[in-house]
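Asks: just need the structure, nothing else, for what follows:
(one chain, ligands or ions: 1)
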Amino acid sequence: MPQAPIQYNNIQNDDDDNYDNNNKKALKYIEDVTSKADEIQERVIEEILKSSAHVEYLERHGLNGRTDRDTFKEVIPVVNYEDLKPEIDRIANGDSSPILCSKPISEFLTSSGTSGGERKLMPTIEEELGRRTLLYSLLMPVMDQFVPNLHEGKGMYFLFIKSETKTPGGLVARPVLTSYYKSSHFNNNNSSHKNPHKNYTSPNETILCLDSFQSMYSQLLSGLLQSHQVLRVGAVFASGFIRAIKFLEKFWADLCRDIRTGTIDPKISDTSVREAVMRIMKRPNPKLASCIEGECMKGSWKGIITRLWPNTKYVDVIVTGTMAQYIPILDYYSNGLPLVCTMYASSECYFGINLNPLCDPEKVSYTLIPTMAYFEFLPLNKMNGGNGHSNNSNNQLVKEDLVDLVDVELGQEYELVVTTYAGLYRYRVGDILRVAGFKNKAPQFNFVCRKNVVLSIDSDKTDEVELQNAVKSGANHLKQFGATVTEYTSCVDTSTIPGHYVLFWEINTHTKQTLNTDKNISSSVFKECCHAVEESLNSVYRQGRVSESIGPLEIKIVENGTFDKLMDFALSQGASINQYKTPRCVKYAPIVELLNSKVVCSYFSEKCPKWVPGHKRWCNNNFE
Ligand code: AMP
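Replies: Modelled structure (predicted):
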């Protein structure tokens with residue numbers, strides 16, 4: 001039996017430029033690797049262990065150069081980020097000895113998951129870019145089976161980079177997509193000549209512009225100028241796409257003026273961006289400007305996507321996980337075009353793709369591509385009480401409970417555990433997945449949720465502990481008035497765009513009078529509470545606030561006794577009184593309604609929290 005290809009260059013770097021052939025090769029690759037999923041996984045773990053046989057971490061755990069999966073499973077612990085932090089800190093500080101991986105760590109990818117309020121740092125190596133590119137190269141051949149000939153038009157994708165920083169040891173730290181968009185893998189391919197599927201309306205210069213206003217403006221302008229060629233639109237996550245539409249709502253008049261006059265707004269000061277857009281603009285186009293203006297002036301934005309980009313076949317954005325909250329607004333803007341979730345990936349590694357991209361958003365499942373990493377699964381019922389922290393005795397239990405990729409069971413839920421080429425071994429990603437089916441031998445997973453995350457608007461992921469600490473620091477401002485927060489819960493409100501966090505607080509004033517907060521405590525104090533909560537939230541949240549992808553936090557004060565009513569409601573639904581705990585985040589509509597019906601007054605944060613690129617400790621120059 002011929003071996004299934006494991007290396008990306010089996011389907012990349014093909015210069016025969018034959019569209020159909022390339023598609024066929026990609027689909028064959030998917031067939032091959034999913035049919036031989038276990039065989040491939042065995043080879044992946046062997047390859048990783050062989051290449052990193054003598055790294056400090058594996059030697060410390062007693063692997064002694066062995067590369068078989070049984071020994072690996074026996075001796076290597078299951079870990080989370082906190083367990084690896086000492087090693088990661090050493091690498092960040094400049095220790096270039098082979099600690100986790102024998103190959104040089106090329107950079108750190110800053111995950112939107114946080115540790116101690118700061119983004120997690122994921123080590124990566126040069127060759128991982130090839131693996132990411134491989135996964136991307138499978139997406140359009142899959143899509144082409146359902147919506148053919150997309151290569152004959154363009155994709156209007158809103159893609160952005162974020163600021164990067166350097167660790168004390170000199171390694172670049174930046175988000176995975178910033179790393180990818182700046183790489184030659186993306187730039188060399190981002191033209192219809194090199195790759196018909198990378199025919200985007202946004203010139204590279206507009207994507208690579210760090211100024212988010214200029215980047216968004218110029219990408220929208222480019223998209224509008226080429227509107228009749230656009231066959232698909234999208235962004236990475238739903239929240240990013242909605243932000244673009246909101247931006248259009250605000251700036252369409254300026255954009256139309258530019259199209260009409262054949263010039264670019266002087267606010268776009270980056271010369272390379274101006275030149276790139278001018279290459280598309282060429283000359284004034286008053287007819288197009290009037291068409292766009294006519295649509296934007298109609299008042300309603302229902303169906304604006306199909307009105308301005310009439311040939312659009314689908315909206316390509318992730319709406320699984322917390323992004324599901326944006327499905328109704330996307331349906332509204334797109335007049336019900338298919339919402340397509342193509343892939344599932346992370347800073348740790350890229351995981352899989354959706355082989356049935358036109359399915360309903362609720363039914364999306366991702367087929368893990370067995371060549372990306374070595375995958376293991378921790379059954380949900382066996383997780384350490386779900387707290388995500390390993391200790392020695394628990395770890396023993398966890399180690400034995402892990403199952404391999406091909407051994408997961410239909411309908412069961414698991415936490416994903418990965419071993420990567422870049423030096424993460426049996427690392428708990430923190431995502432909960434449910435087995436929805438199989439493609440040959442490879443399982444397909446619904447994304448269920450992120451473990452412990454209670455609030456999320458954009459790429460922020462706030463867990464219960466972070467929320468608790470932030471509420472505590474906000475509530476401190478009430479102490480001087482003899483008031484305390486006796487109960488709280490939270491939710492996200494996505495009816496505003498951008499969405500925002502809402503906290504419901506029940507307050508006890510020690511004077512025992514009926515709470516009329518407006519009389520007892522001035523509104524400026526509550527606004528300060530809002531600000532203090534935001535200052536205490538993690539850096540991804542604060543960055544989102546500064547870049548306006550998250551709106552100001554709101555505190556709603558509820559009547560005394562509201563949380564008792566919440567408990568009564570839970571008990572009426574069958575909860576046990578012994579086990580009842582106030583939920584720290586509520587999603588169920590009747591509960592949110594109940595809380596909202598008891599609101600006495602509400603306050604918004606009036607200031608942005610502080611955020612600077614990089615780790616807090618690096619900025620203080622005392623990274624240890
Ligand atoms: P980051 O580490 O910032 O790259 O974020 C990676 C995380 O984003 C994953 O572990 C998931 O929790 C989430 N994510 C990525 N892709 C998807 C998807 N297709 N559906 C739902 N969540 C996703």
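
Asks: excluding chain neighbours, what is closest to the residue nearest the centre of the chain?
Replies: In the chain, the C-alpha nearest the mean C-alpha coordinate belongs to Ser459, at 4.7 Å (Cα atoms, centre = their mean). Distances taken as Cβ to Cβ, 6 or more residues apart in numbering put Ser112 closest to Ser459, at 4.1 Å, once the chain neighbours are dropped. Using the backbone N, CA and C atoms, a C-beta is placed for each residue, glycine as well.

Asks: circling back to that earlier point, contacts only, for the residue nearest to the centre of the chain.
Replies: Ser112, Phe237, Ser239, Val540, Gly544, Ser549 (Cβ atoms under 8 Å, 6 or more residues apart in numbering).

Asks: narrow these to those in strands?
Replies: Ser112, Phe237 (DSSP state E).

Asks: what's the closest of the contacts of Ser459 to Leu27?
Replies: The nearest member of these to Leu27, counting by Cβ to Cβ, is Phe237 at 26.6 Å.

Asks: pull the number of nearby residues for that closest one.
Replies: Counted with other Cβ atoms under 10 Å, the neighbours of Phe237 add up to 21.

Asks: right, and the helix or strand after the worst-scoring helix or strand of the chain on mean pLDDT?
Replies: Least confident helix or strand, the chain: helix 517-520 with a mean of 55, by mean pLDDT, DSSP states H and E. For helix 517-520, the following helix or strand on the C-terminal side (DSSP states H and E) is helix 523-536.

Asks: now do that next one, average pLDDT.
Replies: Looking at helix 523-536 alone, the average pLDDT works out to 97.

Asks: ok, now stretch 315-331?
Replies: Mean predicted lDDT for stretch 315-331 stands at 93.

Asks: tell me if that stretch is near the ligand.
Replies: Yes. Interface with the ligand: stretch 315-331 contributes Ile318, Thr320, Gly321 (Cβ under 6 Å from any ligand atom).

Asks: buried ones in that stretch?
Replies: 315-327, 329-331 (16 or more other Cβ atoms under 10 Å).

Asks: need the residues of the stretch 351-500 of the chain near the ligand, please.
Replies: Within the stretch 351-500 of the chain, the positions near the ligand by Cβ under 6 Å from any ligand atom are Val429, Asp431, Phe447, Arg450, Ser459.

Asks: the residue of the stretch 501-624 of the chain found nearest the ligand and Asp360: what is the separation?
Replies: The nearest approach of the stretch 501-624 of the chain to the ligand comes at Val540, 8.1 Å away (Cβ to the nearest ligand atom). As judged by Cβ to Cβ, to the nearest Å, Val540 and Asp360 stand 29 Å apart.

Asks: equivalent analysis for Lys28, please.
Replies: Using Cβ to Cβ, we find Lys28 at a distance of 28 Å from Asp360.

Asks: which residue ranges make up the domains of this protein?
Replies: 366-382+402-448, 451-510+520-602 (the TED database).

Asks: ranking those by burial, who's on top?
Replies: Looking across the domains of the chain with neighbours counted as mean count of other Cβ atoms under 10 Å, the highest average goes to domain 366-382+402-448: a mean of 21.

Asks: where in the stretch 401-550 of the chain is pLDDT low?
Replies: Residues of the stretch 401-550 of the chain meeting the criterion pLDDT under 70: 510-519.

Asks: show me where the stretch 251-400 of the chain has its strands.
Replies: For the stretch 251-400 of the chain, the strands defined by DSSP state E, counting those that start in this stretch occupy 314-318, 339-340, 343-345, 350-353, 366-368, 374-379.

Asks: thought Tyr217 was touching Lys267?
Replies: Yes. Judged on Cβ atoms under 8 Å, Tyr217 makes contact with Lys267 at a distance of 7.1 Å.

Asks: what about those two, which has more around it?
Replies: It is Tyr217, of Tyr217 and Lys267, that has more neighbours when counted by other Cβ under 10 Å, with 25 against 11.

Asks: that one sits in which helix or strand?
Replies: helix 212-225.

Asks: in that helix, what counts as buried?
Replies: 212, 214-225.

Asks: could you give the mean pLDDT of that helix?
Replies: In this model, helix 212-225 has a mean pLDDT of 97.

Asks: also stretch 274-286?
Replies: The model assigns stretch 274-286 a mean pLDDT of 97.

Asks: send me it as PDB with only the CA atoms.
Replies: The C-alpha coordinates for stretch 274-286 follow below in PDB (Å, rounded to 0.1, in the frame of the first residue of the first chain):
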ATOM      1  CA  ARG A 274      -2.500  54.700  -1.500                       C
ATOM      2  CA  GLU A 275      -0.500  53.500  -4.500                       C
ATOM      3  CA  ALA A 276      -1.900  50.000  -4.200                       C
ATOM      4  CA  VAL A 277      -5.500  51.300  -4.200                       C
ATOM      5  CA  MET A 278      -4.800  53.700  -7.000                       C
ATOM      6  CA  ARG A 279      -3.700  50.800  -9.100                       C
ATOM      7  CA  ILE A 280      -7.200  49.400  -8.800                       C
ATOM      8  CA  MET A 281      -9.000  52.800  -8.900                       C
ATOM      9  CA  LYS A 282      -7.300  53.900 -12.200                       C
ATOM     10  CA  ARG A 283     -10.000  56.600 -12.900                       C
ATOM     11  CA  PRO A 284     -13.100  58.300 -11.500                       C
ATOM     12  CA  ASN A 285     -16.200  56.100 -11.600                       C
ATOM     13  CA  PRO A 286     -19.200  58.300 -10.900                       C
END
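
Asks: could you list the buried residues of that stretch?
Replies: Buried, per 16+ other Cβ under 10 Å, within stretch 274-286: Arg274, Ala276, Val277, Ile280, Met281, Asn285.

Asks: now do the third one against Leu380, distance only.
Replies: Looking back up the chat, that one is Val277. Distance from Val277 to Leu380, by Cβ to Cβ: 49 Å.

Asks: for Val448, which non-adjacent residue is closest in space?
Replies: The shortest distance from Val448 to any non-neighbouring residue, by Cβ to Cβ, 6+ apart, is to Ile432 (4.2 Å).

Asks: and the one you found, that one's in a helix?
Replies: No. Counting by DSSP: H, G, I helix; E, B strand; the rest coil, Ile432 falls outside a helix, being strand.

Asks: if I read this right, it contacts Gln412, doesn't it?
Replies: No. Counting by Cβ under 8 Å, Ile432 does not reach Gln412; the two are 10.9 Å apart.

Asks: which neighbours do the two have in common?
Replies: Leu380.

Asks: contact residues of the stretch 1-150 of the chain facing the ligand?
Replies: Ser111, Ser112, Gly113.

Asks: same for the host helix or strand of Arg428, what does it pack against?
Replies: Counting by DSSP H and E, the element that carries Arg428 is strand 427-439. When contacts are defined as 3 or more Cβ pairs under 8 Å, 6 or more residues apart in numbering; DSSP states H and E, strand 427-439 packs onto strand 413-419, strand 442-450.

Asks: quick one: the helices in the stretch 251-400 of the chain?
Replies: Using DSSP state H, counting those that start in this stretch, the helices found in the stretch 251-400 of the chain span residues 271-281, 286-296, 304-308, 327-334, 392-401.

Asks: list the contacts for the closest residue to Ala570 other than its chain neighbours?
Replies: Spatial nearest neighbour of Ala570, chain neighbours left out: Tyr580 (5.9 Å); criterion: Cβ to Cβ, 6+ apart. Residues near Tyr580 by Cβ under 8 Å, 6+ apart: Met567, Ala570, Leu571.

Asks: now do 10 Å
Replies: Leu566, Met567, Ala570, Leu571 (Cβ atoms under 10 Å, 6 or more residues apart in numbering).

Asks: now for the residues you listed, which pair is the farthest apart?
Replies: Leu566 and Leu571 (9.9 Å).

Asks: got the strands of the stretch 251-400 of the chain as JSON lines, with distance to Phe158 columns?
Replies: As requested, the strands of the stretch 251-400 of the chain are exported to JSON lines (distance: least, Cβ to Cβ, whole Å):
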{"stretch": "strand 314-318", "distance to Phe158": "10"}
{"stretch": "strand 339-340", "distance to Phe158": "15"}
{"stretch": "strand 343-345", "distance to Phe158": "17"}
{"stretch": "strand 350-353", "distance to Phe158": "20"}
{"stretch": "strand 366-368", "distance to Phe158": "22"}
{"stretch": "strand 374-379", "distance to Phe158": "31"}
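
Asks: thanks a lot, catch you later.
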